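> What would the 3D arrangement of this be:
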Amino acid sequence: MGLFVSLQLLYPRSDPEAPRRAFVPLWVSTGWLGKSRLRFPRDIILLDENCYHCLLDGKGPAEYLDHLEKENIKYKVLELVSLSQEVRKTLKLPVSISVPENSDFKIWMESTMPIVAGLQFSFPPNELSPRVEWQLKQIDYRSVVDSALVAAGLKLDRLGSDAEKKTHEKSSGKVHESVPERDRYVHSPKNYTIVMSGILDLEDKCHRRGTVNYLAVLDFDHLKINGGIKITSMHLVADNKHYKVK
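Next up, the predicted model:
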């Protein structure tokens with residue numbers, strides 16, 4: 001471990017004024033046999049801070065989650081319920097949908113890569129004490145393999161293209177270019193998925209009642225359309241019968 005940290009501190013920096021950083025891994029969640037599950041929104045700010053700010057867009061975490069459940073998800077469920085032939089056979093449109101008093105709304109993140117958690121030490125120039133913060137990092141084993149092949153001289157084409165890209169970015173000033181807050185946007189695809197599940201109450205115009213169980217994800221390519229909500233699975237329970245809506 002000491003050698004690993006030392007190598008990070010001694011690794012050459014492109015910017016001499018940038019602080020030296022060392023990451024000390026303390027916990028690993030392997031995604032080799034499945035998906036690593038993380039908390040939202042606590043962990044996304046550590047894993048993808050830009051996405052965190054884009055999603056919340058100035059709201060607090062509680063306000064964002066409340067709007068997500070009571071507006072975005074509710075609207076999408078209502079849309080699918082109204083279009084479903086199974087629902088039309090069972091209930092009389094129009095229907096009203098509401099969030100139960102004791103909501104069972106859950107939201108989490110699933111990483112397609114192993115996750116390493118640990119302490120990040122930053123040593124700014126001319127400062128005696130380091131800055132310490134908790135960090136999450138994804139292990140892209142494909143990049144690790146590619147880097148190993150490049151180091152062994154087995155993928156010189158990749159090495160050449162990367163070198164040309166870095167040379168172009170350095171000459172164009174992109175290496176040190178910062179992205180203004182107003183120009184932030186969510187890059188896609190992601191190596192993780194944000195998943196939601198919950199139950200909504202339903203009532204038709206004849207006052208017949210039921211519940212809708214849903215599973216949803218965030219579509220990062222369409223976040224501007226109803227918050228990017230995409231329903232992946234939905235079931236209606238009415239009159240003690242189960243109906244698959246989606």
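> switch to C-alpha atoms for all contacts and neighbour counts from now on
Fine.
> now the end-to-end length of stretch 122-136.
Here the two ends of stretch 122-136 are set 15 Å apart, with distance taken as Cα to Cα, to the nearest Å.
> Helices of this protein, start to end?
Ranges of helices within the chain are 2-10, 44-47, 49-56, 61-67, 74-83, 85-90, 141-151, 156-172, based on DSSP state H.
> which stretch in those helices has the least confidence?
Note on the helices of the chain: lowest mean pLDDT is at helix 156-172, with a mean of 46.
> mind giving me the domain split of this protein?
According to automatic domain parsing, the chain comprises the domains 2-140+191-244, 141-183.
> Tabulate the ones you listed (TSV), appending mean neighbour count.
What follows is the domains of the chain, written out as TSV (neighbours: other Cα atoms under 10 Å):
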stretch	mean neighbour count
domain 2-140+191-244	16
domain 141-183	12
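> Quick check, residue 202 in contact with residue 213.
No - Residue 202 lies out of contact with residue 213 (Cα atoms under 8 Å); the separation is 10.6 Å.
> Low-confidence ranges, the chain, go.
For the chain, residues meeting the criterion pLDDT under 70 lie at 1-18, 30-35, 141-188.
> By residue count, what's the longest strand in it?
strand 192-204 (DSSP state E).
> tell me the contacts of the residue lying farthest from the centre of the chain?
The C-alpha centroid of the chain is most remote from residue 206, which lies 40.7 Å away (Cα atoms, centre = their mean). When contacts are counted by Cα atoms under 8 Å, 6 or more residues apart in numbering, residue 206 touches residue 92.
> and the gap between it and residue 91?
In this view, residue 206 and residue 91 are 8 Å apart by Cα to Cα.
> again, but for residue 216
23 Å.
> now swap in residue 197 and tell me
From residue 197 to residue 91 the distance is 23 Å (Cα to Cα).
> One more: residue 245?
13 Å.
> what do you get for residue 125?
The value you get for residue 125 to residue 91, if Cα to Cα is used, is 68 Å.
> same thing with residue 204?
Applying Cα to Cα to residue 204 and residue 91 gives a distance of 6 Å.
> Could you do residue 48 as well?
Distance from residue 48 to residue 91, by Cα to Cα: 43 Å.
> So residue 133 sits against residue 46, correct?
No - contact criterion Cα under 8 Å: residue 133 and residue 46 do not qualify, at 9.6 Å.
> got a list of what residue 236 touches?
Here residue 236 is in contact with 87, 210-213, 242-245 (Cα under 8 Å, 6+ apart).
> and if you look at residue 100?
For residue 100, the contact set (Cα under 8 Å, 6+ apart) comprises 199-201.
> what's the closest of the residues you listed to residue 115?
residue 199 (29.9 Å; Cα to Cα).
> got the contact list for the closest residue to the closest one other than its chain neighbours?
Once flanking residues are discounted, residue 199 sits nearest to residue 213: 4.6 Å by Cα to Cα, 6 or more residues apart in numbering. By Cα under 8 Å, 6+ apart, the contact set of residue 213 is 197-200, 234-236.
> Just send those residues back as JSON lines, with distance to residue 107 too.
Output for the contacts of residue 213, formatted as JSON lines (distance: Cα to Cα, whole Å):
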{"residue": "197", "distance to residue 107": "7"}
{"residue": "198", "distance to residue 107": "9"}
{"residue": "199", "distance to residue 107": "13"}
{"residue": "200", "distance to residue 107": "15"}
{"residue": "234", "distance to residue 107": "16"}
{"residue": "235", "distance to residue 107": "18"}
{"residue": "236", "distance to residue 107": "20"}
